[in-house]
Structures are given as structure tokens and as C-alpha cells.
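1. let me see the structure of the following:
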Amino acid sequence: MAGPTESPLDDQPGAAEPRRPVVVVDDVHVEYKVLSTGKRAGPAETGRRLLQRTGGTRTVHALKGVSFTAYENDSIGVIGSNGSGKSTLMRAITGLTPTSQGSIHAASRPSMLGVGAALIKDLSGERNVILGGLALGLSRAEIEAKYEEIVDFSGIRDFIDLPMRTYSSGMTARLKFAIATARDHEILIVDEALAVGDQAFRERSEARIRAIRDDAGTVFLVSHSMRSIRDTCNRVLWIDRGVLVMDGPTDEVVDAYEQSRATP
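-> The predicted structure is shown next:
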């Protein structure tokens with residue numbers, strides 16, 4: 001069914017006063033051209049030169065008329081198979097991917113979880129906590145106040161004085177998550193960040209996301225882990241081939257999604 005423009009939770013019996021909308025996605029389409037080699041076409045790769053070199057381009061319709069409204073205190077799971085348009089939708093919400101049609105309105109600038117561009121592998125984890133915090137807009141005093149919490153959350157205290165290049169991919173991802181969620185976010189997008197670490201870290205991560213949501217924040221969680229989606233989200237968007245197939249309460253949407261995947 002088509003995605004609604006109102007939260008499916010607002011019309012429940014006994015619902016509290018209407019919540020504030022924080023993200024409105026209105027009939028959003030995203031199209032882009034790819035070369036015959038599979039790469040996106042750049043501005044210079046056009047016209048006759050492009051046709052001569054590659055044999056032409058084709059248009060990919062990554063999102064097709066997606067509409068929904070997210071409200072404060074929503075924790076929204078975004079599910080779908082690989083290539084369904086989940087990450088494209090999240091990048092469009094943050095402004096990293098332009099829309100071809102439709103519009104997106106946000107109450108504040110959405111934050112995509114991640115401080116990777118600010119971190120330097122040859123520096124220690126300790127120095128990178130400072131760099132990552134500064135990149136998020138925290139002051140030195142705020143970073144110092146949060147430092148112990150960040151290190152404890154990451155679970156890598158025994159290695160915090162070693163260069164990040166010595167860390168495993170899981171250790172690096174855990175440190176990035178700990179840094180990126182150390183500040184308050186009104187709108188936070190988490191794309192597969194909970195796929196790393198052991199069960200204890202996943203549980204801490206899910207609790208952190210719920211805390212952000214409960215503090216009047218809105219969280220989008222893109223994940224292939226239906227367990228994380230069920231444990232963390234109160235609402236789910238199911239995207240398939242660029243179309244919003246379903247938008248509703250978590251168990252209802254996840255059950256329908258899993259049933260569709262089990263059907264031959």
C-alpha cells in the first residue's frame with residue numbers, strides 16, 4: 001500500500017496531543033544516469049564523446065514517488081532488499097542526493113551517523129575522539145566531559161592509546177558510533193551501524209538510539225537485521241525498487257516483509 005503522509009501512530013485510541021512533524025517527504029523521485037560500464041555519468045561525460053566512449057547511458061529511477069511524514073519521538077526502521085533505494089532515500093533526506101521531483105522539508109538539518117572523514121588512522125583512538133567530537137561541533141570542554149563515556153561505550157579502552165590503523169574494522173566502527181552519538185541529535189540517520197560488534201555492543205547501541213528518540217529526537221535506522229528493527233523501532237518503512245510499499249507499526253510491516261521474502 002502507498003505510504004501515508006501521517007504517522008500511523010497518531011490515530012490510535014487514547015493518543016496524546018499531536019506530535020510535531022520533523023521530516024516531510026513529498027512525492028520524491030530520484031533519477032540518475034549511469035554509463036554502460038555501470039558508473040554514474042559525470043558532467044563531462046555527455047554528448048557524442050560519451051556515446052563514442054561508452055555506447056550510451058541509461059537512467060536509473062532509484063526512488064519513485066515516496067511520501068511520508070516523520071514525527072518527533074519516532075524511531076523509524078527502513079527495510080528492503082539490496083538496491084531497493086533505502087540509502088538513496090536517506091541521502092536525499094540529508095541533502096547529499098538531489099531529488100529529481102518532489103520535495104523534502106526538515107525541522108533541522110538531519111545528521112547522517114558517521115565521523116569517518118574527520119578521523120585519522122595514524123593517530124590514536126584518544127586523539128580521534130577529540131577530532132571526531134570537534135567535527136560534530138562539540139567544544140573541547142564538552143569532549144573532555146564526554147570522553148570517558150565515549151571510550152566505555154566503544155568497549156576498546158585497552159586499545160585507545162594505539163593508532164587506529166591497528167584496529168579491526170569492528171573496533172573502528174564501534175568507536176565511530178560512540179563518537180557520533182555522543183552529541184544530541186534532533187534528526188539522526190543510522191545506516192547499518194548496528195551490524196558491527198558483539199551482542200552486548202548491539203544492545204548498548206539500540207539503547208542509545210532509543211534514548212535519542214525519547215529525548216524528542218527522531219531516528220531513521222536502515223538495517224537488514226529484523227531483530228534490531230523490532231527491538232529499536234516503533235515504525236517501519238518498507239522500500240522495494242524505489243517504491244514505498246508499506247508504512248506502519250514495526251511488527252506489522254516486518255511480518256509482511258518477511259512473509260514476502262519467504263514466498264517462492
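2. look at residue 32 and give its secondary structure.
-> strand (DSSP: H, G, I helix; E, B strand; the rest coil).
3. helices or strands up against the helix or strand containing residue 171?
-> Using DSSP states H and E, residue 171 falls within helix 169-180. Helix 169-180 sits against helix 125-135, helix 140-154, with contacts defined as 3 or more C-beta pairs under 8 Å, 6 or more residues apart in numbering; DSSP states H and E. Bear in mind the C-beta positions are built from the backbone N, C-alpha and C, glycine included.
4. with respect to residue 244, which of those helices lies nearest?
-> In terms of C-beta to C-beta, the element of these nearest to residue 244 is helix 125-135, at 32.6 Å.
5. return the set of buried residues in the closest one.
-> Within helix 125-135, the residues scored as buried using 16 or more other C-beta atoms under 10 Å are 125, 127, 128, 129, 130, 131, 132, 133, 135.
6. could you do stretch 71-80 as well?
-> The neighbour-count check on stretch 71-80 (16+ other C-beta under 10 Å) flags 71, 72, 73, 74, 75, 76, 77, 78, 79, 80 as buried.
7. can you check stretch 136-152 too?
-> In stretch 136-152, counting by 16+ other C-beta under 10 Å, buried: 136, 138, 143, 146, 147, 150, 151.
8. quick check: the second one touching residue 179?
-> Right, residue 138. No. Because the distance of 9.4 Å does not satisfy C-beta atoms under 8 Å, residue 138 is recorded as not touching residue 179.
9. save the helices and strands packed on helix 169-180 as a markdown table, and put in distance to residue 239 and mean pLDDT too.
-> A markdown table is the format used below for the helices and strands packed on helix 169-180 (distance: least, C-beta to C-beta, whole Å; pLDDT from 0 to 100):
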| stretch | distance to residue 239 | mean pLDDT |
| --- | --- | --- |
| helix 125-135 | 30 | 93 |
| helix 140-154 | 30 | 94 |
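10. got CSV for the ones you listed, with distance to residue 164 too?
-> Formatted as CSV, the helices and strands packed on helix 169-180 follow (distance: least, C-beta to C-beta, whole Å):
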stretch, distance to residue 164
helix 125-135, 6
helix 140-154, 12
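11. kind regards, and thank you for your time.
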